[in-house]
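# below is the structure, and that's it, no one-letter string:
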């Protein structure tokens, strides 16, 4: 089956190697953007429930997708080891590299540990007080860590050694956990949200396979070898990086679809649910655009703004969101993303705030003129008076992830101890 050519395929290997960790971090910011509005609308306890349903609905699906894409899926489904679990975390928007600085220890295939030397999510939540820290590090993590591990082995248990609230206040590492796989463990069952998300077009979307014919000097085409302490994305082939980038964008869409489901279950009206989801998208869209514009060194002109739109997670992967750039305009047509009610469903005539947030990351004078129908429209870049940053973007900017800077790391194999 032929799929739409990836919009990331025109980037070179160096650009892609810088892009992938950015996309992983951007995925983490979905919650930083969305949960503030959930707290405002429903309160802290409901926000916690939304987060549990959101991650448990999406993470088992996208974890398996990445396993198969990069060749480290268990030989028998459901019988994977701790190495496969840890590899999955390294390629998960829930654990972006360095921002969520996971350090791994493997004792044998069935026993391992990880600690977080730095937890960006904790840095964001700690100032809000211990109740919010407990909600994240206890109430949310307990079911969602196991929900992620179930994609590899339903008899895996992820259990805390210690975790926040931190005592003493500067305790490091921020938390530590054991991972144990035992046939005696009762198998973890997916939570109800999983079955809803599994029925979406995103869950079964076909993407072009990695070209395994690429020679060794052009980079790795899988992650079938040893577990590495830090993934060096520059070591992957161009084809592998394109697939990883598309899969990470799809992770974002799956997480968002799970978020939408949880919000709708609690909203008083469809209008309230749509407004919360729109605010989440706008906040994420602006910060994501700012970070992508910087990492790819795009120009601060009309061409740079249009290129940024083409590479933004809102419009990727190309097999999911049908969009073309023609004559300086963006044309969006009906696609699987519309069928799912994904982010693109929040953009159309009269609903331009997400596109505005993207182009204004390039120049605050930029705006979009959008004409057409709800699922078939054309957006043209226009100039107007300078505008202030959208409130939704300002809220997301409170996250330390908005300004986080990646550092060079050595990628070393992890040997069982």
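Great, that's in hand. Please read all numbers here as calculations on a predicted model, not as lab measurements. Residues are numbered from 1 along each chain as shown.
# use CA for all of it now, contacts and neighbours both
Fine.
# pretty sure residue 107 is in contact with residue 417, am I right?
Yes. If you go by Cα atoms under 8 Å, residue 107 and residue 417 touch, sitting 5.0 Å apart.
# quick one: which of those two has more around it?
Using other Cα atoms under 10 Å, the more surrounded residue of residue 107 and residue 417 is residue 107, with 13 against 8.
# list the contacts of that one.
Listed by Cα atoms under 8 Å, 6 or more residues apart in numbering, the contact partners of residue 107 are 416, 417.
# partner strands of the host helix or strand of it, with direction?
Under the criterion of DSSP states H and E, residue 107 resides in strand 100-108. Strand 100-108 has its sheet partners listed here by DSSP bridges as strand 111-119 (antiparallel).
# who's in contact with the partner strand?
82, 98-106, 172-181.
# 6 Å instead?
100-106, 173-180 (Cα atoms under 6 Å, 6 or more residues apart in numbering).
# list residues touching both of residue 107 and residue 417?
Here residue 107 and residue 417 share no contacting residue, scored by Cα under 6 Å, 6+ apart.
# remind me which helix or strand residue 3 belongs to.
Following DSSP H and E, one finds residue 3 outside all helices and strands.
# residues contacting it?
Neighbours of residue 3 in contact, by Cα under 6 Å, 6+ apart: residue 319.
# measure it to residue 322 for me?
Applying Cα to Cα, to the nearest Å, the value for residue 3 to residue 322 is 11 Å.
# residue 411 too?
From residue 411 over to residue 322 (counting by Cα to Cα), the distance is 36 Å.
# which one of those two has more residues nearby?
Taking other Cα under 10 Å, residue 411 and residue 322 do not tie; residue 322 has more neighbours (20 against 14).
# now do the contacts for that one.
Residues near residue 322 by Cα under 6 Å, 6+ apart: 332, 333, 335.
# repeat that for 8 Å
315, 332, 333, 334, 335.
# one more: residue 352?
Each residue near residue 352 by Cα under 8 Å, 6+ apart is listed here: 368, 370.
# pull the number of nearby residues for the closest residue to residue 73 other than its chain neighbours.
Nearest non-adjacent residue to residue 73, counting by Cα to Cα, 6 or more residues apart in numbering: residue 67, 4.5 Å away. A count of nearby residues for residue 67, using other Cα under 10 Å, gives 22.
# same deal with the one 3 residues further on?
A count of neighbours around residue 70, defined by other Cα under 10 Å, yields 18.
# and for it, nearest residue in space, chain neighbours not counted?
Once flanking residues are discounted, residue 70 sits nearest to residue 222: 4.4 Å by Cα to Cα, 6+ apart.
# was I right to think the one you found contacts residue 238?
No. Between residue 222 and residue 238 there is no contact under Cα under 8 Å: 11.5 Å.
# of these two, give the one with the bigger neighbour count.
The neighbour count for residue 222 versus residue 238, taken as other Cα under 10 Å, is higher for residue 238 (27 against 19).
# what about residue 68, distance to residue 244?
11 Å.
# if you could redo that for residue 45, that was the one I meant.
Counting by Cα to Cα, the gap from residue 45 to residue 244 is 34 Å.
# more neighbours: those two, which one.
Comparing residue 45 with residue 244 by other Cα under 10 Å, the one with more neighbours is residue 244, at 22 against 14.
# contacting residues around the more buried one?
Residue 244 touches 20, 66, counting by Cα under 8 Å, 6+ apart.
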